[in-house]
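Engineer: Predicted model, plus sequence, below.
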Amino acid sequence: MDRDFGLGGLNLNEKPMISVAPQPHPSRGANNHNVHNLLEQAEKNSGVLTLQGNKRKADLKELEWVADIGHGSCGTVSKCTYRSVTMAVKTMPRTSNSYEMSRILMDLDVICLSFDCPYIVRCFGYFITSYDVRVCMECMATCLDRLLIRIKKGIPEDIIGKLSISIVKALHYLKTKHQIMHRDVKPSNILLDWSGVIKLCDFGIAGRLIESRAHSKTAGCPLYMGPERLDPNNLDSYDIRSDVWSLGVTLVELATGKYPYAGSEFDMMSKIMYDEPPRLSRDEFSDDFCDLVESCLQRDPKDRPNYDMLLQHPFIVHHETVPTDVEEWFADVMGEVSVAEAAAAP
Ligand SMILES: Nc1ncnc2c1ncn2[C@@H]1O[C@H](COP(=O)(O)OP(=O)(O)OP(=O)(O)O)[C@@H](O)[C@H]1O
């Protein structure tokens, strides 16, 4: 779809999510006046859906619920149809809390802004009512954390090769085209469809970069944050290399089938800050893959690659050229899971 409204330039950066250090009240950076204006701007295109290349004014009453897909901290995602087009609709209740509202608007803005990126989940349009905001997206088959739970093992390296290309390209696109960093890279925000296409989603806590740096330390899931973002003594801003750390942790989790740190949340955060970063075993994975992960999981952000460097990494370059059928693999594993589930059923 075309970019329907632009929220760019307004300060939605200060949106701390999970407290890991003393911090101001979450709503401080997103003032009510800004949020109100942004909402008014967005409302102008409410109900305009772009389907099969045609823009049309849609009637919310024609949106039919099919099934719930899942719940996140901002709302619920459901499978719906609009005139026989299947979509995933994320419904987020409107709230008087300007921090929550700024998250909703940021998610909406980035997804609309990224209409031309094939590695970011596509948006058909949205509805803003007096009660909620509903974002209509293409419906993907699953997110990678659910997939890991279902298959109960790691994802094969050649599939991770294809997946890494899509995610690095999505992050690179956000950085170079819109000066945005995602700040919440993790398996639950990576989606896969039945034809094997991999896309990034969930931009509620994305941050606008000012001179390539973001300035709010606390947004995102702390378990995927780089040590520099968890350190309460570090008052510096951070850059996209913090997302590169999150990508490294995500790749280890996808390859091994489990999150690399254990213990209470406090233990895990201490380990991220003070222990040696996780590594992949060279007995189980190729040297190129192990090297890529090692480069992403460097304690000092300056030692991590940027996206241009990642795109030239031998692991990525190799998987750009080899034909890997993600669609077939996905169909096979889902088939195996269904057979196993049917066999285990009473
Ligand atoms: N376009 C989509 N197609 C299919 N499933 C989706 C789509 N968008 C989101 N989902 C799924 O819906 C569920 C809820 O997503 P949502 O983005 O609201 O929250 P989350 O990422 O799980 O959690 P949080 O927002 O707290 O980080 C997740 O399982 C997600 O994978």
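Structural biologist: Received it, and whenever you're ready, just let me know what you need. Residues are numbered from 1 along each chain as shown.
Engineer: I'd say residue 141 and residue 196 touch.
Structural biologist: No - shown here, residue 141 and residue 196 do not form a contact pair, counting by C-beta atoms under 8 Å, at 9.4 Å. Placement of C-beta: from N, CA and C, glycine included.
Engineer: Can you pull the residues that touch both of the two?
Structural biologist: Both residue 141 and residue 196 are in contact with residue 330, where contact means C-beta atoms under 8 Å, 6 or more residues apart in numbering.
Engineer: Those residues of this protein touching the ligand, which are they?
Structural biologist: 69-75, 77, 88, 90, 121, 137-140, 143, 146, 188-189, 191, 201-202 (C-beta under 6 Å from any ligand atom).
Engineer: Of these, just the buried ones, PyMOL syntax please.
Structural biologist: In PyMOL, a selection of the buried entries from the residues of the chain next to the ligand looks like this (16 or more other C-beta atoms under 10 Å):
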select buried, resi 69+74+75+77+88+90+121+137+138+139+140+143+146+188+189+191+201+202
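Engineer: Flag the shaky bits of the stretch 151-300 of the chain, pLDDT-wise.
Structural biologist: Counting by pLDDT under 70, the stretch 151-300 of the chain has low-confidence residues at 210-219, 235-236.
Engineer: same thing but 90
Structural biologist: Across the stretch 151-300 of the chain, the ranges flagged by pLDDT under 90 are 183, 203-222, 228-240.
Engineer: What residues does the residue in the stretch 51-200 of the chain positioned nearest to the ligand make contact with?
Structural biologist: Closest approach between the stretch 51-200 of the chain and the ligand, counting by C-beta to the nearest ligand atom: residue 72, at 2.0 Å. With contact set as C-beta under 8 Å, 6+ apart, residue 72 has these partners: 90, 202.
Engineer: Can you name the residues bridging to residue 51?
Structural biologist: residue 54 (DSSP bridges).
Engineer: Need the pLDDT of it.
Structural biologist: Reading off the confidence values, residue 51 has pLDDT 89.
Engineer: tell me, how many neighbours does residue 39 end up with?
Structural biologist: 19 (other C-beta atoms under 10 Å).
Engineer: For the stretch 51-200 of the chain, which segments count as helices?
Structural biologist: 98-113, 144-151, 157-178 (DSSP state H, counting those that start in this stretch).
Engineer: meant to ask about the stretch 201-346 of the chain
Structural biologist: 227-230, 241-256, 265-274, 287-296, 307-311, 314-321, 326-344.
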